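**Student:** Give me the fold of what follows.
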Amino acid sequence: LKWARSAMKPLVAILYMTVFCVVSPIGVGVGMALTDPSQEGEMVTTALIVLQGLATGSLLYVVFFEIMEKERQKSVPGVLQVLAMSLGFIFMVLLGLAEVRSERSEEFQVKLL
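**Tutor:** Numbers count the residues shown, from 1 in each chain. This next block holds a predicted model:
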C-alpha cells in the first residue's frame, strides 16, 4: 500500500515484490536444510549461527528503526512507552526461558525411558 502511494514506478514495485516472494521460500528451505537432525557437523553449525545472527540483526533493525520510531511519534507519555516496551521484552525473555526449560525436561524424560 505504501508503494502504491509513492512515486515508485509500478515495474520497480513488481520487481521488488517478485524478488521478495522468491527469496523468502529459499530462505525457509536453507533453514530447514541446516536444522535437519541427520546433518550434524561443524560447517552446518557455523552456517546456522551466521544465518541466525543475520536474522536477529534484521529483526532488531525492523523493530528499532521502523516500528518503535512510529510508536514514539504517538501522543503517549514517554515513561509509559518505555515501561510497556520493557514489560514486553521481559515477557518474551520469560517465554524463551520457559521453552528451554520445557525442552530440557522432555530430554530428561526421554533419557529415563
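**Student:** distance between the biggest helix by length in the chain and the chain's centre?
**Tutor:** In the chain, with assignment by DSSP state H, the single longest helix is helix 78-112. Centre-to-centre, helix 78-112 and its host chain are 16 Å apart (CA atoms, centre = their mean, to the nearest Å).
**Student:** Equivalent analysis for stretch 16-32, please.
**Tutor:** 14 Å.
**Student:** what is the rounded mean pLDDT of it?
**Tutor:** Across stretch 16-32, pLDDT averages out at 82.
**Student:** do the same with stretch 58-67
**Tutor:** Across stretch 58-67, the average pLDDT comes to 80.
**Student:** Pull up the distance across it, start to finish.
**Tutor:** For stretch 58-67, the separation between the terminal residues is 13 Å (CA to CA, to the nearest Å).
**Student:** coming back round to it: counting by contacts, list what the longest helix of the chain packs against.
**Tutor:** helix 68-72 (3 or more CB pairs under 8 Å, 6 or more residues apart in numbering; DSSP states H and E). Just so you know, the C-beta spots here come from the backbone N, C-alpha and C atoms, and that holds for glycine as well.
**Student:** what's next to the helix it packs on, contact-wise?
**Tutor:** Outside helix 68-72, the residues that touch it by CB atoms under 8 Å, 6 or more residues apart in numbering are Gly78, Gln81, Met85.
**Student:** how near is Ala47 to Leu34?
**Tutor:** The gap separating Ala47 from Leu34 is 6 Å, by CB to CB, to the nearest Å.
**Student:** Look at those two and report which has more neighbours.
**Tutor:** More crowded of Ala47 and Leu34, by other CB atoms under 10 Å: Leu34, with 18 against 14.
**Student:** in terms of contact, does that one touch Leu48 like I think?
**Tutor:** Yes: here Leu34 reaches Leu48: they are 4.7 Å apart, a contact under CB atoms under 8 Å.
**Student:** Run the chain-centre distance for stretch 66-75.
**Tutor:** Centre to centre, stretch against its chain (CA atoms, centre = their mean), the figure for stretch 66-75 is 20 Å.
**Student:** Brilliant, that's me finished.
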